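A.B. asks: Test case, fold it:
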Amino acid sequence: MTRDEVAARIAGVAQKHLGLDGELAAEQRLVEDLGLDSLKRVILAAEIENEFRIAFDPAEEAAIATVGELVAAVEEKLGR
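C.D. replies: Residues are numbered from 1 along each chain as shown. Reported below is the predicted structural model:
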């Protein structure tokens, strides 16, 4: 799975479960740019874990600040 495919699947999860429209850019910050509060961050993380069949530990999840970091974290979990 390529980085673009991972990013597209993450965008799909964000659209479906959080109602975010449009494309996500790697530099977008989850809280400041996308407006995700703590509940929405938890929902996003849980749905991404379900989508990719991976699991984040709480420290990893808390360290993710941007869309690009999220994509990289998923890639790492997938063994890429």
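A.B. asks: which residue ranges form the helices in the chain?
C.D. replies: For the chain, applying DSSP state H gives helices covering 3-18, 38-52, 58-63, 67-77.
A.B. asks: What residues does Leu20 make contact with?
C.D. replies: Ala11, Ala14, Leu34 (C-beta atoms under 8 Å, 6 or more residues apart in numbering). C-beta coordinates here come from the backbone N, C-alpha and C atoms, glycine included.
A.B. asks: I meant to write Leu70 there.
C.D. replies: With C-beta under 8 Å, 6+ apart as the criterion, the residues that contact Leu70 are Ile10, Leu30, Ile48, Ile64.
A.B. asks: ok, of those, which one's closest to Lys77?
C.D. replies: Within the set of those, Ile48 lies nearest Lys77; the separation is 9.5 Å, counting by C-beta to C-beta.
A.B. asks: Could I get the pLDDT score of the closest one?
C.D. replies: The score at Ile48 is 98. That number is its pLDDT.
A.B. asks: Skipping its backbone neighbours, what lies nearest it in space?
C.D. replies: Nearest non-adjacent residue to Ile48, counting by C-beta to C-beta, 6 or more residues apart in numbering: Val13, 5.6 Å away.
A.B. asks: Please apply the same query to Phe56.
C.D. replies: If the residues on either side of it in the chain are set aside, Phe56 comes closest to Ala45, at 5.8 Å by C-beta to C-beta, 6+ apart.
A.B. asks: Count the residues that sit near the one you found.
C.D. replies: Residues lying near Ala45 (other C-beta atoms under 10 Å) number 21.
A.B. asks: Tell me, what's the model's pLDDT at it?
C.D. replies: Ala45 is assigned a pLDDT of 96 by the prediction.
A.B. asks: and what of Arg80?
C.D. replies: The predicted local confidence for Arg80 comes out at a pLDDT of 67.
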